[in-house]
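Novice: sequence and predicted model, in that order:
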Amino acid sequence: MKAVDAILARGELQDYYLLHSLRADLFRRLGETQEARSAYQKALSFTRLEPARRFLQKRLNELPNVT
């Protein structure tokens, strides 16, 4: 996670949806649902490719609801 955050901190790939998607998947695997949800939403905001949007939305919908 530190490596991904370091890349994002440099700012060059801030709008690259795959980097945010990777971050979301790492959070999901760690069980950090809120962080995963936020990262998936950010990834969705940067992608325009419909197949990628469907995949990310599916992953987002699969996350458990937390209150």
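Specialist: All right, it came through fine. Keep in mind it's a predicted model, so treat the numbers as computed, not measured.

Novice: can you map out the helices along this protein?
Specialist: Remark: helices assigned in the chain by DSSP state H are 2-10, 17-30, 33-46, 50-62.

Novice: how about the nearest residue to Leu18, chain neighbours excluded?
Specialist: Ala43 (7.6 Å; C-beta to C-beta, 6 or more residues apart in numbering). In this view, the C-beta of every residue, glycine as well, is placed from N, C-alpha and C.

Novice: could the helices of the chain be laid out in a markdown table, adding mean neighbour count and mean pLDDT?
Specialist: Compiled in a markdown table, the helices of the chain are given as follows (neighbours: other C-beta atoms under 10 Å; pLDDT from 0 to 100):
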| stretch | mean neighbour count | mean pLDDT |
| --- | --- | --- |
| helix 2-10 | 11 | 90 |
| helix 17-30 | 18 | 96 |
| helix 33-46 | 18 | 97 |
| helix 50-62 | 13 | 97 |
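
Novice: need the contact list for Arg59.
Specialist: Applying C-beta atoms under 8 Å, 6 or more residues apart in numbering to Arg59 gives the contacts 24-25, 28, 40.

Novice: closest one of those residues to Arg54?
Specialist: Tyr40 (12.5 Å; C-beta to C-beta).

Novice: wait, that closest one touches Ala24, no?
Specialist: Yes: the criterion here is C-beta atoms under 8 Å, and Tyr40 meets it with Ala24 at 4.3 Å.

Novice: which neighbours do the two share?
Specialist: With contacts defined as C-beta under 8 Å, 6+ apart, the residues shared by Tyr40 and Ala24 are 56, 59.

Novice: and the gap between Ala43 and Ala3?
Specialist: 17 Å (C-beta to C-beta, to the nearest Å).

Novice: name the nearest residue to Ala39, ignoring sequence neighbours.
Specialist: Among residues not flanking Ala39 along the chain, Ala24 sits closest, at 3.5 Å (C-beta to C-beta, 6+ apart).
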